[in-house]
Structures are given as structure tokens and as C-alpha cells.
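Participant: Would you be able to build a 3D model of this:
(one chain, ligands or ions: 1)
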Amino acid sequence: MASQASNVVRPSDAELLQAQADLWWVSLSYLTPMSLRCAVELGIPTAIHRHGRAASPTDLIPALSLPSAKLPFLRRLLRLLPVRACSPSTRPRRRRGAHQPHLSGARLYLDALPRSGDGVGRVVQEGRGDAAIRGAGELHGATLFQESLESLDADFHNMANEDMDAHDNFGIEIALREFRDLFEGIQSMTYFCGTSGDDKFARAIVKAFPHIKCTVLAPPKMIGATKPDDGAMINYVEGDMFNFIPPAQTVALKLVLHHWTDEDCVKILAQCRKVIPSREDGGKVIIGDILIDHSGPMLETHLLMDIGMMTMTKGRQRDENEWRDIFMKAGFSD
Ligand SMILES: C[S@@+](CC[C@H](N)C(=O)[O-])C[C@H]1O[C@@H](n2cnc3c(N)ncnc32)[C@H](O)[C@@H]1O
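Facilitator: Alright, predicted model coming up:
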């Protein structure tokens, strides 16, 4: 056994990250047929055909009888589909002499697609032709990690928390190696987390840089929970980041902002800006989050993650321009 183990070649950081990316793609790809079904049920192919030329999401809103508040969700649906599901060869074609697009096979394809009613369809379609619109991420009565989710949908709440606990081990080491410069020189840091295991990144930072005075902003349950005996010195403080962020030289937010709307992100970042010193005095905000790369190999996975966020949270995944926009609105200069 020992000699077998020593023959195993340890994957490189790049291979591990690629494997993680591949797993994300596999586990989220169920959202592609759901999104396609939602597009077909809404009548998007026919609406584009009737439009007679390239149609923007704004053009499609009245044609699909969707309230204008659904425009941001429609945009997100439409940016996923061309990446895989709706290549030019699946565009509707006109039958000779017919006025309707040729969709005779559509019924068959539609029946083969998983029902979108539980997720994508409900977010994009609900409220069609109607003034009452349920917000995104409220399919379970509350958004992911919102305190009230526990009483509204305990199974979903527990599953999300167990997933957070199980998530992200090797990525932390790689991030600390790749971005070492970012952490050099930091004296104090505030970090955000909520479930029993999702302070792993804060613990790893403090173990790698023991001089950093680290405060974790967490809910009361997390503060009372037993912590691993790994020597990491962390001060746990209870609070709501919209009202109070413990002052520090650095505030680090990992996978927090993608849960929130642009307006909420601006509020959170403006709060962060207030509690750090000036750039000259080493003040900084470190954000670890998804960056949609329109020309990168992970584009489809990023867009699937965005559809996932659309169904479970108020948030979204953002590209560089969308991130820049919220940084600037929060008062940062770059
Ligand atoms: C996806 S988790 C990320 C946790 C951790 N940073 C990580 O990457 O493992 C988002 C976290 O934001 C926390 N959170 C949500 N609303 C908050 C609020 N109003 N104030 C402080 N933290 C909050 C939740 O408790 C949750 O743990």
C-alpha cells in the first residue's frame, strides 16, 4: 500500500483548480436544460422570430408579456443560453409558405427537458402579465443564509450550511500561496462568516500570518460553537455587516458579496470603507468572489453559477465592469 501511495503523482495547483472547475460545471449543468425549458415556455424563439431581426432583452419584455421588473432576470437567462443551448442551428426556421416558425419538434424537446418550475422558471416567469412579482431567491421563503430560512425550510437551510462546512479546503492553500503579497504587511483584519466551518479561510490566514489580529463577524450561534483546536487566534464578534463592521486595517469578504444586490453591495462596501484607514496607511478591502470572464474557458460555469444565484439568493455573479461599478459607487477610486 505504502509503495502504491508513493507512486501517486500529486496534481499541480492548476490541475486541482481545473478539477474543481469541472466539478462545478457538472453539478450546475442541470440548470442549462431548465433555462432552455424556461426560454421555450416563455416563447422566446417565437418572439425573436416575430421581431424579424436581432432582439434585445428590452425588446422582448413586452413581446413575452413580462413585467419590466423581470428585465434583469431575462438578461441573465439570455446570456447563458447562447453559450451552449441555443447555437444558430437551434434557431427557429420558417417553413416554406408558413407564417409560424418551424417548431414542430419543440413539443418533443420540451417534454424531454426537466421542469424549470422549481427554480429558473419561477424566478423569470412568475408574475407574467401580473403586477405581483416574487423576488429572486425567495423560492424557499427566504434567501440562502438568511436567518429566517432555518424556520421556513429547515432541510434546505441545513443542507446549505453543511455544504459550506464541507466546501473549500485545497483552494485556501492555493489562494494563500498565489496571493501571498496581498496578505504581507497586514496588521489587523475583519472577516465575515456564518456557519460552523466557514471560518476556515480566516483560520488559515492567521496560521500563515500569525501576527495578523483577526476578528470574525459572525452570528451568535457561530460564536457559541466549539472551534477547532488548531492554534489560530481569532476574536469572534456578533453583528450585522449592514450596521457594524469591526474596524481593521483590512476587511476581507469571501463569497459574501455575490449573495447581495448591487445596491446592498454598495452599502456593505461603503461600510467597509469607513472602518479601514486610508490607502497610505495600508487600508484595503480584499474580495474573494466569482469574476465572470467573457472570453475565458469557465464562462459557461460562471453563467451557470449566476443562474444558481438567481434562484437561491438576491445576488448575482459579476463581470469586471459590474464589479468596478459597485466599487466606484461605494466611494473607492479603483
Ligand atoms: C456564502 S457564506 C461565505 C462564508 C465565508 N466567508 C466563506 O467563504 O466560507 C456568506 C456568509 O455571509 C454571512 N452573512 C449574511 N448576512 C450577514 C450580515 N448581515 N452580517 C454579517 N454576515 C452576514 C452569512 O452568515 C454567511 O456565512
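Participant: Distance check, the closest residue to the ligand within the stretch 1-150 of the chain against T58.
Facilitator: In the stretch 1-150 of the chain, no residue comes nearer to the ligand than F145, which is 4.3 Å away by CB to the nearest ligand atom. In this view, the C-beta of every residue, glycine as well, is placed from N, C-alpha and C. Taking CB to CB, to the nearest Å as the measure, F145 falls 32 Å from T58.
Participant: and what of F73?
Facilitator: Counting by CB to CB, the gap from F73 to T58 is 13 Å.
Participant: Which one's more surrounded, these two?
Facilitator: Taking neighbours as other CB atoms under 10 Å, F73 and T58 compare with F73 leading, 23 against 11.
Participant: Which strand or helix spans the more buried one?
Facilitator: Using DSSP states H and E, F73 maps to helix 71-80.
Participant: Pull out the buried positions in stretch 185-194.
Facilitator: Buried residues in stretch 185-194, counted by 16 or more other CB atoms under 10 Å: I186, S188, M189, T190, Y191, F192, C193, G194.
Participant: how about the strands in the stretch 101-250 of the chain?
Facilitator: 101-102, 188-192, 213-218, 234-238, 250-254 (DSSP state E, counting those that start in this stretch).
Participant: Looking at those, which is nearest to the ligand?
Facilitator: strand 250-254 (3.8 Å).
Participant: Check which element follows that closest one along the chain.
Facilitator: Using DSSP H and E, the helix or strand that follows strand 250-254 in sequence is helix 262-275.
Participant: Note down every partner strand of the helix or strand just after that following helix and its orientation.
Facilitator: The first helix or strand that comes after helix 262-275 along the chain, using DSSP H and E, is strand 284-288. Strand 284-288 has the following sheet partners, assigned by DSSP bridges: strand 250-254 (parallel).
Participant: if you average pLDDT over the strand it pairs with, what comes out?
Facilitator: For strand 250-254, the mean pLDDT works out to 95.
Participant: touching the ligand at all, that strand?
Facilitator: Yes - Strand 250-254 is in contact with the ligand by CB under 6 Å from any ligand atom, via K254.
Participant: in this protein, which segments are predicted with low confidence?
Facilitator: For the chain, the stretches with pLDDT under 70 are 1-6, 85-119, 121-123, 125-142, 146-147, 166-169, 194-197, 226.
Participant: can you list the domain ranges for it.
Facilitator: 13-91+99-140, 167-289 (automatic domain parsing).
Participant: Need the ones you listed in a markdown table (columns: distance to D306).
Facilitator: A markdown table is the format used below for the domains of the chain (distance: least, CB to CB, whole Å):
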| stretch | distance to D306 |
| --- | --- |
| domain 13-91+99-140 | 6 |
| domain 167-289 | 9 |
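Participant: and the stretch 201-334 of the chain, which of its residues are near the ligand?
Facilitator: Residues of the stretch 201-334 of the chain lying near the ligand (CB under 6 Å from any ligand atom): F201, L217, P219, D240, M241, F242, K254, L255, V256, H259.
Participant: got it, and the stretch 1-150 of the chain?
Facilitator: Along the stretch 1-150 of the chain, the residues adjacent to the ligand under the rule CB under 6 Å from any ligand atom are F145.
Participant: Just the helices from the stretch 1-150 of the chain, written as ranges.
Facilitator: 2-7, 13-28, 31-42, 44-51, 57-63, 71-80, 106-112, 120-125, 149-152 (DSSP state H, counting those that start in this stretch).
Participant: for the third one, packing partners?
Facilitator: So the one you mean is helix 31-42. In this structure, helix 31-42 makes packing contacts with helix 71-80, helix 106-112, helix 120-125, helix 299-312, judged by 3 or more CB pairs under 8 Å, 6 or more residues apart in numbering; DSSP states H and E.
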